[in-house]
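Asks: Pasted the sequence and its predicted model underneath.
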4 protein chains.
Amino acid sequence: MEKSDYLKDRVQHIDIKSFNAIPIIESMGNMSFSSRETARAAGICERMIKDPEATVILTMAGSTTAGGCQQIYIDMVRNRMVDVVVATGASIVDMDFFEGLGFSHYRGSAFTDDRELRQNYVDRIYDTYIDEEELQVCDRTIKVIADGMDPGVYSSREFIARMGEYLKRKGGSKDSLVLAAYEEGVPIFCPAFSDSSAGFGLVMHQWERPDRHVSIDSVKDFRELTMIKMKAPVSGLFMIGGGVPKNFAQDTVVCAELLGEEVPMHRYAVQITVADVRDGSCSSSTLKEASSWGKVDTVYEQMVYAEATIVLPLIASYLYHKGDWKNRKARNWSSIFKT
Amino acid sequence: MEKSDYLKDRVQHIDIKSFNAIPIIESMGNMSFSSRETARAAGICERMIKDPEATVILTMAGSTTAGGCQQIYIDMVRNRMVDVVVATGASIVDMDFFEGLGFSHYRGSAFTDDRELRQNYVDRIYDTYIDEEELQVCDRTIKVIADGMDPGVYSSREFIARMGEYLKRKGGSKDSLVLAAYEEGVPIFCPAFSDSSAGFGLVMHQWERPDRHVSIDSVKDFRELTMIKMKAPVSGLFMIGGGVPKNFAQDTVVCAELLGEEVPMHRYAVQITVADVRDGSCSSSTLKEASSWGKVDTVYEQMVYAEATIVLPLIASYLYHKGDWKNRKARNWSSIFKT
Amino acid sequence: MEKSDYLKDRVQHIDIKSFNAIPIIESMGNMSFSSRETARAAGICERMIKDPEATVILTMAGSTTAGGCQQIYIDMVRNRMVDVVVATGASIVDMDFFEGLGFSHYRGSAFTDDRELRQNYVDRIYDTYIDEEELQVCDRTIKVIADGMDPGVYSSREFIARMGEYLKRKGGSKDSLVLAAYEEGVPIFCPAFSDSSAGFGLVMHQWERPDRHVSIDSVKDFRELTMIKMKAPVSGLFMIGGGVPKNFAQDTVVCAELLGEEVPMHRYAVQITVADVRDGSCSSSTLKEASSWGKVDTVYEQMVYAEATIVLPLIASYLYHKGDWKNRKARNWSSIFKT
Amino acid sequence: MEKSDYLKDRVQHIDIKSFNAIPIIESMGNMSFSSRETARAAGICERMIKDPEATVILTMAGSTTAGGCQQIYIDMVRNRMVDVVVATGASIVDMDFFEGLGFSHYRGSAFTDDRELRQNYVDRIYDTYIDEEELQVCDRTIKVIADGMDPGVYSSREFIARMGEYLKRKGGSKDSLVLAAYEEGVPIFCPAFSDSSAGFGLVMHQWERPDRHVSIDSVKDFRELTMIKMKAPVSGLFMIGGGVPKNFAQDTVVCAELLGEEVPMHRYAVQITVADVRDGSCSSSTLKEASSWGKVDTVYEQMVYAEATIVLPLIASYLYHKGDWKNRKARNWSSIFKT
């Protein structure tokens, strides 16, 4: 097979506005097992959007953006259902920014010969293919952005805002979470930013400029995110997957306390994950466990054990069609930072 | 808490006719991961319903009937989307027949004190409650049915037909899979019939009649199911969970061969499960693995790794609204057996 | 590849007597997560073996016998650590009896072309291969045994005792669980007996003799197993996998009650499984949940979430070297049944 | 219950030198399913230790250090079985450095009331407890270390070396991975360093010194780790869990290529994880998938799906007693960095 045979069928991002999941979610609320948990999670998300005091933090890990959920995240940001994003580097750079540059992911197969893919410079994520040469364009675009910045120490949030600015300036028809967040005043944090295509671009940038270059300080990210928690004491977490973003967002409660400011635990928390609780990792730890750490309140919390591409479209469509976002004010947390 | 506090909120069975999942499933077909697998599974089910030669075998394990999917199964049988059912005893007796007698399952919590439930004669299935005293009525009804039969050796199919007849005769407003299958000519097999409320009723029946009583011979079940496979060489499997029903239905191909009749492998196969492939159990074995045994063809097969209450409503609603069942003829396999 | 290329490396059954897992298990008792759960499970098994009143019931589902654990089960029975076995048909017939006839399982690969296996009559269980022609010899041997019996209704226990007798009469060097149990007075129950190679043999038997033949009545199994529970009120369950055997063994408590005899819940219960609790199936249900049904006491119960071939050798070696079986009396439950 | 009631039984770290797992692992190599995969993984680890050209990179995610595996990691480093460590911040700071300061984790229960734990300042990881006040001492020690450093931009490796130096200077009897790695010339990288107790300490440090302070640049980590890969082209990965460490270590192959130097893929790769492959996240992606990205070679790779505290002690004891480390030279990669 030729490379073009592998890269034929584009992943198309589901449009939660095009169907109304309210009747399904409401029916599921009267069932059992994961369906009822999904419905309860949707209800808690609805509450956090309705709560006039609450700031909604979306955390993202895994590959849902590659897998057809990008438009969901864009719709949630454009329609004021999300105020802050904490994500893995790959979600933001390799997947979202990459699509923002005009590239696509492709529908492939999990049952394939990876050596043959390798020979064709096709990268695989489970059943999804990526053109590695396009990904290298993404890496290099990061380098170009870094090259254009003043040398110094930045948070990932600052750098990602430059990526949004780049997409806006460059124009083009394709929307992305990076662009939408930039335009809507929603800060995006990637506490492990270099663990991504951004890492490749930034290493190339620093390699050329060993002495004066851009550095990304995730301590600064932590400070900034904690500042938001201090200014927005009531908060809700909508977590897709676990990983560093989940832990990082939860930790702001403790961090504020250590800086001398008592803030309440996250009032609402929902997580969609397939991670197994038994290995004691944070990704899989229950939200009840998080309450022992003083991070998450136990009244409105719900874990949904499912691969997110199945249930996220239902929950997000429910939230969209419930329409509570219509009267919601944008929090515009980006504005509290000078740069 | 009192018993009545636990048994307040009934599980309500989702109505796939009341919402149209076609746009969701079609969108999922262009995504990745479990959403695309769900869409592909729906497409294969559609093919098996459309295929004028094919007999559709539904296999059921797990507790989806208790969890709000009973009406789905009824709708599939009443609308000629299913021709044969192979199920666990609990699915058919403790859950479906139990509801057919007018009882309900209740929405509860997975985080509860089981000793307190015990004291109140409340049984728990994950987050779902059952009144144990009502379940004993179910056990005793089985005994009554057995008491009224001629002593002898029966297949579970024969016994379950008597249960359908009982529900029909007794009347009452509540539909059930046992009743629907009885009325629509759809045979139901429970190869491990005594591993259920039926087992309790039948043990009481035999205990009172040590010498002349009803026996259930699962070898007879196997013979009968293989006879159907011989008369209906083209077949498709729609499997909810794994367990004995999955294995039993698959084995008919090999059994027919041993009886001297070459029959083709199952042409279509879909399974929804959360079972983990790595322990080598049949419940979790992939459908590709089944093809090494000569049981399932590999062209139209799809595993969906998900808790069934989330994805089954979407798939079944898709099938219902696609409407291919409208011109489909009932196979009426019950009619080939004298009793 | 030729068939003989696939069937080269035999699975060899681990010998728990050849290494001493006591130091490992004791160290694991002071750790966390699954290691501590494994150690606690080993401790509960030790208790049930030590308890002079207790009858130990081993339940088996999955493919551990094919996967190299056959000798563990033989050693447990030969050394009086197990008094009753409840198992899937495949565990007893396709795997144990099959090996008892002198055949083997083979080490293969989970990453293989199943169509090629099919062409070579090689069956696959995850990473393990079976010669399908040898399996058909097993099917036919079951037929021969049935052909030699008086027509009538039997429990699976009765039939499996005939299989043990057959192996003893036939002689040969290879030990098996069926043979060991036969010789040691340990009854084996397969409540879904026909869902196995036995099913194939018995269908052929009945097909030839439509009127007078052997039938297997699992209600009789349930009666017999409940009789043991009535005579041995103190009991412990050592469960490998879930499925029908788990449920069946647990249900005896309730069944005895329905027959008018109050018996205590199972005093000890250990289960090793990879099943996921969230689908509400019995295979995965926690032992705490079972206590809501009045089946299992909650003081000495432990779930171990692991694929059994990793932890069972450790637990069984620990039990063997602890040596509590040395002074234990055989319960000889087979002797209470006439046939 | 009082706090002291929760914090009674310390987690004790298993000593792989005290028992010999060679016979168990060798037996498992002739079995099937996860036991054979465990044995094959042990064999690949043995190969990477034996290969005179190979650098062994240990990656750590999850809570195995809290769960009783700390001494395993120390033993592997002290005995030249590991040359580089890439880990989550929590593994290194909250767990290992924390124990290095003289504190302990405690054996608790996964079935507990988290609100009560909260009131007692007891943090829970599944079934393991931590004294939150001791953890705050750990946070503050990080601040003290940062306060004593020259303001500037550091890699996490540089900072962790200071932590090793701190432990050495402070003395005390308790060994730790941070100390052992410092003394043995093994660099430790935490690409998401601030997502840990270190984050709390460093935020406090920066909060007090808004203008001149220590920053942690994970791009620098990526540069440094890639430099090692360039100097040590033959490499093997021993991965406990997935997360950022797995991805980061794998990415060095691609990064070197982007910097203009062709390096081979990782020659050996073993991962122990419970993560589910189906969500397309890196944590769970198979090593075959990684080969499509040009990161991992496919000849010597093995996934082991198990909670690591069960299988890691067996594998590590096997490696220790095989003794291939005895003639192995320390790679001393710390020495290539000036600071």
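Replies: Okay, I see it.

Asks: Spatially central, which residue of chain A would that be?
Replies: Note on chain A: the residue nearest the mean C-alpha position is A:M60, at 3.4 Å, using Cα atoms, centre = their mean.

Asks: Next up, the contacts around that one.
Replies: Listed by Cβ atoms under 8 Å, 6 or more residues apart in numbering or on different chains, the contact set of A:M60 reads A:73, A:85-88, A:91-92, A:240-241, A:245. Just so you know, the C-beta spots here come from the backbone N, C-alpha and C atoms, and that holds for glycine as well.

Asks: Not counting its neighbours along the chain, what's nearest it?
Replies: Spatial nearest neighbour of A:M60, excluding adjacent residues (Cβ to Cβ, 6 or more residues apart in numbering or on different chains): A:A87 at 4.1 Å.

Asks: Next up, phi/psi of that neighbour, please.
Replies: Per-residue torsions, A:A87: phi -140, psi 170 (degrees, to the nearest 10).

Asks: Contacts only, for it.
Replies: A:58-61, A:188-190, A:245.

Asks: From these, pick the one nearest C:I142.
Replies: Set against C:I142, the nearest of the contacts of A:A87 by Cβ to Cβ is A:A61 (51.9 Å).

Asks: Can you list the buried residues in the top strand by length along chain A?
Replies: Ordering each strand of chain A by length in residues (DSSP state E) puts strand A:296-305 first. Neighbour counts using 16 or more other Cβ atoms under 10 Å in any protein chain shown place A:296-298, A:300-305 of strand A:296-305 among the buried residues.

Asks: try stretch A:9-22
Replies: Neighbour counts over stretch A:9-22 (16+ other Cβ under 10 Å) mark A:11-14, A:16, A:19-22 as buried.

Asks: Tell me which residues are up against stretch A:240-247.
Replies: A:58-62, A:64, A:69, A:86-88, A:191-192, A:237, A:239, A:271-273, A:275, A:281-285, A:308, A:312, D:90, D:192, D:195, D:243-244, D:279, D:281, D:283.

Asks: mind running it again at 6 Å?
Replies: Stretch A:240-247 is contacted by residues A:59-62, A:64, A:86-88, A:191-192, A:239, A:272-273, A:275, A:282-283, A:308, D:192, D:195 when judged by Cβ atoms under 6 Å, 6 or more residues apart in numbering or on different chains.

Asks: now that stretch: how far from the chain's centre is it?
Replies: Distance of stretch A:240-247 from the chain centroid (Cα atoms, centre = their mean, to the nearest Å) equals 9 Å.

Asks: in the stretch 151-300 of chain A, what residue is nearest chain B?
Replies: A:K288 (7.9 Å; Cβ to the nearest Cβ).

Asks: near chain B, which residues of the stretch 151-300 of chain A?
Replies: Within the stretch 151-300 of chain A, not a single residue sits near chain B (Cβ under 6 Å from any Cβ of the partner chain).

Asks: the helices in the stretch 151-300 of chain A, which residues?
Replies: With helices called from DSSP state H, counting those that start in this stretch, the stretch 151-300 of chain A shows them at A:156-170, A:177-184, A:197-208, A:218-231, A:243-258, A:287-292.

Asks: Can you lay out the ones you listed as JSON lines showing distance to B:Y6, mean pLDDT and mean neighbour count?
Replies: Shown next, in JSON lines, are the helices of the stretch 151-300 of chain A (distance: least, Cβ to Cβ, whole Å; pLDDT from 0 to 100; neighbours: other Cβ atoms under 10 Å in any protein chain shown):
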{"stretch": "helix A:156-170", "distance to B:Y6": "48", "mean pLDDT": "97", "mean neighbour count": "20"}
{"stretch": "helix A:177-184", "distance to B:Y6": "44", "mean pLDDT": "98", "mean neighbour count": "24"}
{"stretch": "helix A:197-208", "distance to B:Y6": "52", "mean pLDDT": "96", "mean neighbour count": "24"}
{"stretch": "helix A:218-231", "distance to B:Y6": "39", "mean pLDDT": "96", "mean neighbour count": "23"}
{"stretch": "helix A:243-258", "distance to B:Y6": "33", "mean pLDDT": "93", "mean neighbour count": "25"}
{"stretch": "helix A:287-292", "distance to B:Y6": "21", "mean pLDDT": "86", "mean neighbour count": "24"}
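
Asks: Of those, which is nearest B:K338?
Replies: Closest approach to B:K338 among these is made by helix A:287-292 (57.3 Å; Cβ to Cβ).

Asks: can that closest one be found next to chain C?
Replies: No: judged by Cβ under 6 Å from any Cβ, helix A:287-292 and chain C are separated, with a smallest distance of 13.1 Å.

Asks: sorry, back to before: quickly name whichever of the buried residues of stretch A:9-22 is closest to D:V122.
Replies: Lowest distance from D:V122 to those (Cβ to Cβ) belongs to A:A21, with 40.4 Å.

Asks: Just want the phi and psi numbers for the residue nearest to the centre of chain A.
Replies: phi -130, psi 130.

Asks: For it, name its beta-bridge partners.
Replies: For A:M60, the beta-bridge partners under DSSP bridges are A:A87, A:I240.

Asks: For the residue in the stretch 51-200 of chain A that chain C sits nearest to, which three-state class applies?
Replies: Nearest to chain C in the stretch 51-200 of chain A, going by Cβ to the nearest Cβ, is A:F111, at a distance of 9.7 Å. Assigned with DSSP: H, G, I helix; E, B strand; the rest coil, A:F111 falls in the coil class.

Asks: Once you drop chain neighbours, what's closest to it?
Replies: Using Cβ to Cβ, 6+ apart and skipping residues adjacent in sequence, the residue nearest A:F111 is B:K288, 7.9 Å away.

Asks: Surely that neighbour and C:D113 touch.
Replies: No: with contact defined as Cβ atoms under 6 Å, B:K288 does not reach C:D113; the gap is 9.2 Å.

Asks: Pick out the lowest-pLDDT one from the buried residues of strand A:296-305.
Replies: The lowest pLDDT within these belongs to A:T298, which sits at 81.

Asks: quick one on the thing from earlier: spell out whether the longest strand of chain A and chain D are in contact.
Replies: No: between strand A:296-305 and chain D, judged by Cβ under 6 Å from any Cβ, nothing touches; the nearest distance is 6.7 Å.

Asks: what's in contact with that strand?
Replies: In contact with strand A:296-305 (Cβ under 6 Å, 6+ apart) are residues A:37-38, A:40-41, A:44, A:265-272, A:286-287, A:290-291, A:311, C:278.

Asks: again, but for stretch A:276-286
Replies: So stretch A:276-286 is in contact with A:242-243, A:247, A:275, A:303, C:33, C:305, D:62-63, D:67, D:125-126, D:274, D:307, going by Cβ under 6 Å, 6+ apart.

Asks: Identify, from those, the entry nearest to A:T141.
Replies: Of the contacts of stretch A:276-286, the one sitting nearest to A:T141 (Cβ to Cβ) turns out to be A:G243, at 24.5 Å.

Asks: Sketch out the strands for chain A, chain order is fine.
Replies: Counting by DSSP E, the strands of chain A are A:55-60, A:84-87, A:106-107, A:122-125, A:128-131, A:152-154, A:188-189, A:214-216, A:235-240, A:266-273, A:296-305.

Asks: Out of those strands, point me to the one whose mean pLDDT is lowest.
Replies: Among the strands of chain A, strand A:296-305 scores lowest, with a mean of 90.

Asks: Quickly run through the sheet partners of that strand, with directions.
Replies: Strand A:296-305 has the following strand partners under DSSP bridges: strand A:266-273 (parallel).

Asks: Tell me what angle the strand it pairs with forms with helix A:218-231.
Replies: Put simply, strand A:266-273 runs at 130 degrees to helix A:218-231, going by axes from the mean of the first three to the mean of the last three Cα atoms, to 10 degrees.

Asks: How about the residues of the stretch 51-200 of chain A by chain D?
Replies: Taking Cβ under 6 Å from any Cβ, the part of the stretch 51-200 of chain A that reaches chain D is made up of A:62-63, A:67, A:114, A:117-118, A:123-126, A:153, A:191-192, A:194-195, A:199-200.

Asks: Cool, thanks, talk later.
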